[in-house]
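**Q** Need the 3D shape of this:
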Amino acid sequence: MYELFVLGELMTGEKHGYMLQDVLNNAVGLGRKISSGTLYPLLSRMTEAGWIHLRIEEETKGGRTRKIYAITDAGRQRFEELMKETLEPNPEAEAALIFRFKMVYFGYVTKEVRLACLEDYLQIIRRSREYVSRFEAYLQSQQPEPAKQRNQLLRMFDYRKRLGEADEAWITAEIERIQAEED
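**A** Numbering: from 1, shown residues only. So this is what the prediction gives:
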């Protein structure tokens, strides 16, 4: 997932490691942070794989050196492959995060790749909604105890259903909008 993010960010232009870490931390949202101990080994592996190029630059303030990363042709190819990869529904939250990363970089892929990604995520949303509906029906028919917990589970499922409905409506509208775009 972080490979996709790094390559996507580098599609926009070269960046130094601290900037990549800062943007990534903002992208993953509250409660989840990417440490230097995660990011820099990833950048090293990506450099070794030939997907990105590292350039060392002397920084004028403080005399510190700065590592600047840029995407290579092999990195652009890898980015395209990652954008085309099918989303895995488990864990669902991870699929949602990867989908959001992909959406940010839709401007760098073809209409077909964007539509495939949206359709892929739409299927995950629909499967999730089906799961919630089945479990909700089970709770209503079996009436497991304690009632207090059962009732709260039903409230939580109502919340998830409403989120799923909104997600599905938005994704469906986005698919229609992209389909209407001229090639």
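
**Q** What average pLDDT does stretch 110-119 get?
**A** Across stretch 110-119, the average pLDDT comes to 96.

**Q** May I see the buried residues of it?
**A** 113-114, 116-118 (16 or more other Cβ atoms under 10 Å). All C-beta atoms are positioned from the backbone trio N, CA, C, and that covers glycine.

**Q** repeat for stretch 157-166
**A** 157, 160, 164.

**Q** Turn those into a markdown table, columns for pLDDT, secondary structure and distance to M19.
**A** Shown next, in a markdown table, are these (pLDDT from 0 to 100; DSSP: H, G, I helix; E, B strand; the rest coil; distance: Cβ to Cβ, whole Å):
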| residue | pLDDT | secondary structure | distance to M19 |
| --- | --- | --- | --- |
| F157 | 90 | helix | 41 |
| R160 | 91 | helix | 36 |
| G164 | 93 | helix | 35 |
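
**Q** between the residues you listed, which is closest to Q77?
**A** Checking those against Q77 with Cβ to Cβ, the nearest one is G164 at 34.8 Å.

**Q** Export only the CA atoms of the helix or strand bottoming out on mean pLDDT in the chain, formatted as CSV.
**A** Across the helices and strands of the chain, the lowest-confidence element by mean pLDDT, DSSP states H and E is helix 17-28, at a mean of 86. Once non-C-alpha atoms are left out, helix 17-28 reads as follows in CSV (Å, rounded to 0.1, in the frame of the first residue of the first chain):
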residue,chain,number,x,y,z
GLY,A,17,11.8,11.8,2.5
TYR,A,18,10.4,14.1,5.2
MET,A,19,7.9,15.6,2.8
LEU,A,20,6.8,12.1,1.8
GLN,A,21,6.4,11.1,5.4
ASP,A,22,4.4,14.2,6.3
VAL,A,23,2.0,13.8,3.3
LEU,A,24,1.6,10.1,4.0
ASN,A,25,0.8,10.8,7.7
ASN,A,26,-1.8,13.3,6.6
ALA,A,27,-3.2,10.9,4.0
VAL,A,28,-3.7,7.9,6.4
